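Participant: Structure for the following, please:
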Amino acid sequence: MPIGTLKEIKPEGKTILLRLDLNSPIDPTTRHILDDKRFREHLPTIQALSQSRVVIVTHQSRPGKKDFTTLEAHAERLEALLQRRVKYVDDIFGQCARDAVRSMKNGDVLVLENVRFNAEENLTVKAEDAQKLYLVKKLAQMGDFFVNDAFGTAHRSQPTMVGLPMVMRSVAGLLMEKEVSTLTRVFQNAPRPVCLVLGGTKVDDSISVAEHMLKGNTADLIIVTGVVANIFLSASGFDIGRPSTQLIQQLKYEGEIARARALLSSFKDRILLPGHVAVKENGKRAEYPVNAIPGEAPVMDAGVDSIAQLSGAIRKCGTVVFNGPAGVFEEPDFATGTYELLRTASKVEFSIIGGGHTAAVVEKMGIDRNFTHISTGGGACIEFLTGKKLPAVQALERSRELFGG
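Facilitator: Residues are numbered from 1 along each chain as shown. Down below sits the predicted model:
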């Protein structure tokens, strides 16, 4: 069942509850927003609702974190980016919020207080239970339609994400629609060969993606880098050295070695590992073949020979999904693998960045416009690629069934 889109409703003159993900890095001392990328991604949806009364429901961080703050600064930043007035109210569904919504005119934008200040929003609940919650009932009374544009939170089964679509006509915003349609294309009609580059430290997620994409014959090639590659090297019988082994233990990923071994036994010809790595030796970059990694030096990047080999494999592909860096790119000596593989991936016909750290790197490199799509949700994107139905997407599909397309 497809999700509903903005084209299917007539939002003009209506009050729209708009769920965004404006959760951003914040300086805990000054409360200054350090990166407004997520704000900018949502602008097209807000602008598409310029003839509506837009009530923004969003969050910042979660209870217990230093950056769990009010949304006053978020409203100010949104106002600067939209170049039109954005009002903020320090209330979610109480009298102040209801009065503020009631006094809105077409074209007005109102930001409600951090929705996670309400305890119910921090619950993980099924849609059927979420719709019964006080938070959902009260918010639903304040709008005519619900538009969910918060793809970055789509993998979380939280009340506003899954409950509101059960009680009111709900559709995807432009960003949510773009994310779902682009990521769906990877499984349906992506240009072949399809290659996944899986790096970084989220080994369990990466192996789940590899399993799903290989067993379903979606991926023609899996390239592993970073800590993911170290797991596969260990599974292949290579000694990756004490520091890298300890890191795997600290991350509690020892159990992933058996999963990697099982994949290698079934799909060895479709999984490409680095043959050389760069380690940190006496504070400097040194390169070794994977059968001669020093016992006391941490693996920090793919080796130059391997970077050339992996880049060559990516060049032959029609689709590349890139998730996670190839090494400790924060240190200039060990950024080569990440930067070079990303440059190569940016030239592929259909190219996707899976959000998170990698998205920040391509923006810093100035090659972000060369990619077909950069996902705004690291966790949501990777869960989508494992074949799981995201709770928020499922809720939008059900809302379309309940209230008509």
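
Participant: contacts and neighbour counts: CA atoms only from here.
Facilitator: Noted.

Participant: check which helix or strand covers residue 147.
Facilitator: strand 145-148 (DSSP states H and E).

Participant: Show the average pLDDT along that strand.
Facilitator: Mean pLDDT, strand 145-148: 98.

Participant: Next: stretch 25-39.
Facilitator: 89.

Participant: Check what pLDDT residue 356 gets.
Facilitator: On the pLDDT scale, residue 356 gets 79.

Participant: Number the chain from 46, please
Facilitator: Sure, I'll start counting at 46 from here, so that last one is residue 401.

Participant: tally of neighbours for it?
Facilitator: Number of residues near residue 401 (other CA atoms under 10 Å) recorded here: 18.

Participant: cool, and the one 3 residues further on?
Facilitator: The local packing count at residue 404 equals 22, with neighbours defined by other CA under 10 Å.

Participant: which SS state does it fall under?
Facilitator: Following DSSP: H, G, I helix; E, B strand; the rest coil, residue 404 is assigned to helix.

Participant: just checking, it touches residue 398?
Facilitator: Yes. Between residue 404 and residue 398 there is a contact under CA atoms under 8 Å: 6.3 Å.

Participant: Would you mind listing the residues touching both of these two?
Facilitator: Residues touching both residue 404 and residue 398 by CA atoms under 8 Å, 6 or more residues apart in numbering: 419-420.

Participant: hang on, the earlier thing: put the alpha carbons of the strand holding residue 192 into CSV.
Facilitator: Only the C-alpha atoms of strand 190-193 are listed here, as CSV (Å, rounded to 0.1, in the frame of the first residue of the first chain):
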residue,chain,number,x,y,z
PHE,A,190,-4.6,17.1,8.5
PHE,A,191,-1.4,15.5,9.8
VAL,A,192,1.7,15.7,7.5
ASN,A,193,4.7,13.6,8.6
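
Participant: Please put the alpha-carbon coordinates of the next helix or strand after it into CSV.
Facilitator: Scanning forward in sequence from strand 190-193 by DSSP H and E, the next helix or strand is helix 204-207. What follows is helix 204-207, C-alpha atoms only, in CSV (Å, rounded to 0.1, in the frame of the first residue of the first chain):
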residue,chain,number,x,y,z
PRO,A,204,3.0,8.4,19.6
THR,A,205,3.1,11.4,17.2
MET,A,206,4.8,9.3,14.5
VAL,A,207,2.4,6.3,14.6
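
Participant: Show residues contacting helix 204-207.
Facilitator: 64, 165-166, 168-172, 175-176, 178, 180-181, 193, 198-199, 436-437, 440-441.

Participant: Same check on stretch 214-222?
Facilitator: With CA under 8 Å, 6+ apart as the test, stretch 214-222 has contacts from 48-51, 86-87, 89-90, 189-196, 209, 441, 444-445, 447-449.

Participant: Give me the distance between that stretch and the centre of its chain.
Facilitator: How far stretch 214-222 lies from its chain's middle: 16 Å, per CA atoms, centre = their mean, to the nearest Å.

Participant: model confidence over that stretch, on average?
Facilitator: 98.

Participant: Can you measure across that stretch, start residue to end residue?
Facilitator: 16 Å (CA to CA, to the nearest Å).

Participant: Look at residue 268 and tell me its secondary structure.
Facilitator: Secondary structure state of residue 268, per three-state DSSP, is strand.

Participant: List the buried residues of stretch 421-438.
Facilitator: 421-432, 435-438 (16 or more other CA atoms under 10 Å).

Participant: To which secondary structure element type does residue 101 belong?
Facilitator: Once three-state DSSP is applied, residue 101 turns out strand.

Participant: got it, and the one 5 residues further on?
Facilitator: Taking three-state DSSP as the rule, one finds residue 106 in the coil state.

Participant: residues in contact with it?
Facilitator: So residue 106 contacts 68-69, 112-114 (CA under 8 Å, 6+ apart).

Participant: cool, and residue 399?
Facilitator: Listed by CA under 8 Å, 6+ apart, the contact partners of residue 399 are 366-369, 419-423, 426-427.

Participant: Now do the helices in the stretch 46-195 of the chain.
Facilitator: Using DSSP state H, counting those that start in this stretch, the helices found in the stretch 46-195 of the chain span residues 82-93, 117-127, 140-147, 172-175, 179-185.

Participant: Over to the stretch 196-345 of the chain?
Facilitator: With helices called from DSSP H, counting those that start in this stretch, the stretch 196-345 of the chain shows them at 204-207, 209-212, 219-233, 248-260, 271-280, 287-295, 301-312.
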